[in-house]
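Student: Sharing a model that was predicted from the sequence below.
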Amino acid sequence: MKDRFGTVVYVGKARDLRKRVCQYFHPSRRMGWDLKLNALVDAIYDFDVHPVRNEPEALLLESKLIKEFHPRYNVSFRDDKRFLLLKVNLADPIPRFTLTRLKQDDGALYFGPFASSGALRNTLTLVRRKFNLRGCRPLTPTDVDYKHCLYGNLKFCTAPCIGNVTREEYLAQVRAACDFLSGQSEEIQNQLEAEMKKAAAAQDYEKAAAIRDTLADLRRTTTKTNKFERIPYTLPVAINPDKDLEELAKVLELPGSPKRIEGFDISNISGTFAVASMVSFKNGRPDRNNYRRFKMKTVVGQDDFACMAETVRRRYTRVLKEQTLSQTLSQTSSPSAGPSPSSFVVPASAGPVPASRDPGPTEPARLPDLIVIDGGKGQLNAALAELEKLGIQNTPIIGLAKEFEEIYRPGISEPLRLSHESGALKLLQRVRDESHRFANTYNAKLRLKRISESLLDEFPGIGQRRKAALLKKFGSIQRLRLATLEQIAAVPGFGGKAAGELKAFLEARSVRTELAPMAGPKDAQTG
């Protein structure tokens, strides 16, 4: 289930798709729904359907899609747990079958994933007994392991560890088990079915039931399932972007359809990690190669207006510089050619042109046909003031306020409100939401990086290898503080002098931390 922006909001499965989907749209059922279900139904705009052959395949595909798209209204399968796989590496000295949840590029053979872990474990026990394979844990078992090996004592394993069979003979047993798990199990299934009927005829119902359960587990495990490749998905999406562009040009009274739109947004947490994003839409679709992100350089504290002004100034100063450089190179290559009628003149405030930046003739820098600012009058006026300083006066610019989806335009006091079904508004919402997502992603990345930084990063001259060696040896900064000079000097990359400097550095930081709560306001500002 997708919302109007194409974002996946819920993934489900059903034997009867018609009955399952109709449940969400019965007016008589709505009175009994909780807030979550009501919100889900209100968000549904479109469906994607993926038919599969059986219920295990449906369960596997459901899990895969939830882990890929993280739908807002799904609860199960959102963690990092995965279905079980069966693994065997034929390159091991004595190969063994093991269970794993993660498929790696290690040269091993993998079977699965399997929707039923119980059926898989029972089938693995059957395979080990049928093909006389080992079930012990050591990578290379020896005669010492054989002395207390249950599989060996019960004669379930041919015991290659003590030389009962050669490695080549044992490898043939493993390959036969691999063929069995690949689906060549009809002979054994017929054999088990015959034993089950024989036990039932002899009124040995307990044995017949046990064989029946084993047969069912075997069939569930060896049934082939389709491999689901990654479903191609691009977000956000539009049903008819060309029509939306035409409608947008009409409502904003633009001279033509805005083929290139650039949207801006600001993200910060209480004035920290202040960043901005710029997304580019070309012909109504995201142009991700031209996305840009900014870390604030001049703004102190939480000031969205100043952040928006700095972002717009930096972006279009760069565009004007690149345009001038492109025109200079073009005139140099053809001296007789005059300047283009649509060329822009860079004002003095734009600064010098960097000679090292060349956007290339295939994608020359140009101003967009429309600028979309995430915010109301304040953000719009801040951006507009910077454009005027740069001498950019003919590029349309609007602000889109999220609360009531109001469109603010320069020189017009009353905002423009469009119908929520308007394609023009939906296009602007896609630009705004994509810039919001891009800014928040960058903000989260910076916060994660800051959290992962260590106090050791402030120690002069330390690199990643020496820092990793210290943390591996002592486990934490607190334990490192308690270590002696000799213990630190024993770490690879450290000698007596470096160990002494690090010890003094940690002690100084410890004293500063202890004195910090006692410092007065003046000391706190200058510390």
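Tutor: That came in fine, so what should we check first? Numbering: from 1, shown residues only.

Student: Please identify the helix or strand for the closest residue to residue 397 other than its chain neighbours.
Tutor: What sits nearest to residue 397 in space, not counting adjacent residues and going by CB to CB, 6 or more residues apart in numbering, is residue 371, at 4.1 Å. Using the backbone N, CA and C atoms, a C-beta is placed for each residue, glycine as well. According to DSSP states H and E, residue 371 maps onto strand 370-374.

Student: tell me what that strand is packed against?
Tutor: If contacts are counted by 3 or more CB pairs under 8 Å, 6 or more residues apart in numbering; DSSP states H and E, strand 370-374 sits against strand 260-269, helix 377-389, strand 397-401, helix 423-452.

Student: so for the second one, what's the average pLDDT?
Tutor: Across helix 377-389, pLDDT averages out at 92.

Student: Next, the angle strand 397-401 makes with it.
Tutor: 160 degrees (axes from the mean of the first three to the mean of the last three CA atoms, to 10 degrees).

Student: Could you give the number of residues near residue 487?
Tutor: When neighbours are counted by other CB atoms under 10 Å, residue 487 registers 15.

Student: List the residues that contact it.
Tutor: Residue 487 makes contacts with residue 473, as judged by CB atoms under 8 Å, 6 or more residues apart in numbering.

Student: Could you rerun that using 10 Å?
Tutor: 473, 474, 479, 480, 494, 499 (CB atoms under 10 Å, 6 or more residues apart in numbering).

Student: Please apply the same query to residue 124.
Tutor: By CB under 10 Å, 6+ apart, the neighbours of residue 124 are 84, 86, 97, 98, 99, 111, 133, 135, 177, 181, 217, 221.

Student: repeat for residue 196
Tutor: 207, 208, 209, 210, 211, 212, 213, 214, 215.

Student: Residue 420: which of those residues is nearest?
Tutor: Nearest to residue 420, judged by CB to CB, of these is residue 213 at 56.2 Å.

Student: Now name the helix or strand holding the closest residue to that closest one other than its chain neighbours.
Tutor: Among residues not flanking residue 213 along the chain, residue 122 sits closest, at 7.6 Å (CB to CB, 6+ apart). Applying DSSP H and E as the criterion places residue 122 in helix 117-130.

Student: now swap in residue 487 and tell me
Tutor: Per DSSP H and E, residue 487 falls inside helix 485-489.

Student: as a whole number, average confidence for that helix?
Tutor: 87.

Student: same deal with stretch 124-134?
Tutor: Mean predicted lDDT for stretch 124-134 stands at 80.

Student: Buried ones in it, by neighbour count?
Tutor: Buried residues in stretch 124-134, counted by 16 or more other CB atoms under 10 Å: 124, 126, 127, 128, 130, 131, 132, 133, 134.

Student: distance between it and the chain's centre?
Tutor: For stretch 124-134, the separation from the chain centroid amounts to 40 Å (computed by CA atoms, centre = their mean, to the nearest Å).

Student: Extract the CA atoms of that stretch and return them as CSV.
Tutor: Extracted C-alpha coordinates of stretch 124-134, given in CSV (Å, rounded to 0.1, in the frame of the first residue of the first chain):
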residue,chain,number,x,y,z
LEU,A,124,18.6,-31.3,8.8
THR,A,125,18.5,-34.1,11.4
LEU,A,126,17.0,-36.4,8.7
VAL,A,127,19.7,-35.5,6.2
ARG,A,128,22.5,-36.1,8.6
ARG,A,129,21.2,-39.6,9.5
LYS,A,130,20.3,-40.5,5.9
PHE,A,131,23.7,-39.5,4.4
ASN,A,132,25.8,-40.3,7.5
LEU,A,133,27.0,-36.8,8.0
ARG,A,134,28.7,-35.3,11.1
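
Student: distance of the closest residue to residue 446 other than its chain neighbours from residue 368?
Tutor: Excluding its sequence neighbours, the residue lying closest to residue 446 (CB to CB, 6+ apart) is residue 273, at 4.8 Å. Plainly put, residue 273 is 27 Å away from residue 368 if you go by CB to CB, to the nearest Å.

Student: who has more neighbours, the two?
Tutor: residue 368 (23 against 18).

Student: my guess is the more buried one contacts residue 396, does it?
Tutor: Yes. Proximity of residue 368 to residue 396 meets the contact threshold set by CB atoms under 10 Å, at 8.7 Å.

Student: what touches both of those two?
Tutor: Common neighbours of residue 368 and residue 396 (CB under 10 Å, 6+ apart) are 258, 261.

Student: do you know how far residue 5 is from residue 280?
Tutor: 17 Å.

Student: What does the pLDDT read for residue 525?
Tutor: 35.

Student: circling back to that earlier point, can you say which of the helices and strands packed on strand 370-374 is nearest to residue 158?
Tutor: The nearest among the helices and strands packed on strand 370-374, by CB to CB, is helix 423-452 at 50.2 Å.

Student: Who are the contact partners of the closest residue to residue 495 other than its chain neighbours?
Tutor: Among residues not flanking residue 495 along the chain, residue 489 sits closest, at 6.1 Å (CB to CB, 6+ apart). Residue 489 makes contact with 483, 495, 496, 497, 498, 499, 500, 502, 503 under the criterion CB under 10 Å, 6+ apart.

Student: center of the protein, which residue is that?
Tutor: residue 68 (7.8 Å; CA atoms, centre = their mean).

Student: just checking, residue 22 touches residue 16?
Tutor: Yes. Between residue 22 and residue 16 there is a contact under CB under 10 Å: 9.5 Å.

Student: coming back round to it: the contacts of residue 196, buried ones only, as a ChimeraX selection?
Tutor: Here is the ChimeraX command that selects only those of the contacts of residue 196 that count as buried (16+ other CB under 10 Å):
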select :208,211,212,214,215
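
Student: from the contacts of residue 196, which is closest to residue 50?
Tutor: Among the contacts of residue 196, and counting by CB to CB, the member closest to residue 50 is residue 215, at 30.4 Å.

Student: Mind telling me what element that closest one is part of?
Tutor: Assigned by DSSP H and E, residue 215 falls in helix 205-222.

Student: now that helix: mean pLDDT?
Tutor: Rounded mean pLDDT across helix 205-222 is 74.

Student: What of stretch 112-120?
Tutor: Per-residue scores along stretch 112-120 average to 76.

Student: And for stretch 168-177?
Tutor: Regarding stretch 168-177, the rounded mean pLDDT is 84.

Student: and what of stretch 444-457?
Tutor: pLDDT averaged over stretch 444-457 gives 64.

Student: now do stretch 33-44
Tutor: Rounded mean pLDDT across stretch 33-44 is 81.

Student: If you count neighbours, what's buried in that stretch?
Tutor: For stretch 33-44, by 16+ other CB under 10 Å, it's 40, 41, 43, 44.

Student: if we can go back for a sec, give me the more crowded residue out of residue 22 and residue 16.
Tutor: Neighbours per residue, other CB under 10 Å: of residue 22 and residue 16, the larger number sits with residue 22, 11 against 8.

Student: Show me what the host helix or strand of that one is packed up against.
Tutor: In this structure, residue 22 sits in helix 17-22 according to DSSP H and E. Packing partners of helix 17-22 (3 or more CB pairs under 10 Å, 6 or more residues apart in numbering; DSSP states H and E): none among the helices and strands.

Student: Check the offset of it from the chain's centre.
Tutor: Per CA atoms, centre = their mean, the centroid offset for helix 17-22 relative to its chain is 31 Å.

Student: Contacts made by that helix with the rest, please.
Tutor: Residues from elsewhere that reach helix 17-22 (CB under 10 Å, 6+ apart): 1, 12, 13, 14, 16, 29, 44, 47, 49, 51.

Student: Could I get the phi/psi values of the fifth one?
Tutor: Residue 16 adopts backbone torsions of phi -110, psi 100, taken as degrees, to the nearest 10.

Student: any idea how far residue 23 is from it?
Tutor: In terms of CB to CB, residue 16 sits 10 Å off from residue 23.

Student: With the fourth one instead?
Tutor: The spacing between residue 14 and residue 23, counted by CB to CB, is 9 Å.

Student: Okay, now the unreliable bits of the stretch 51-200 of the chain?
Tutor: Low-confidence segments of the stretch 51-200 of the chain (pLDDT under 70): 77-81, 152-153, 183-185, 187.
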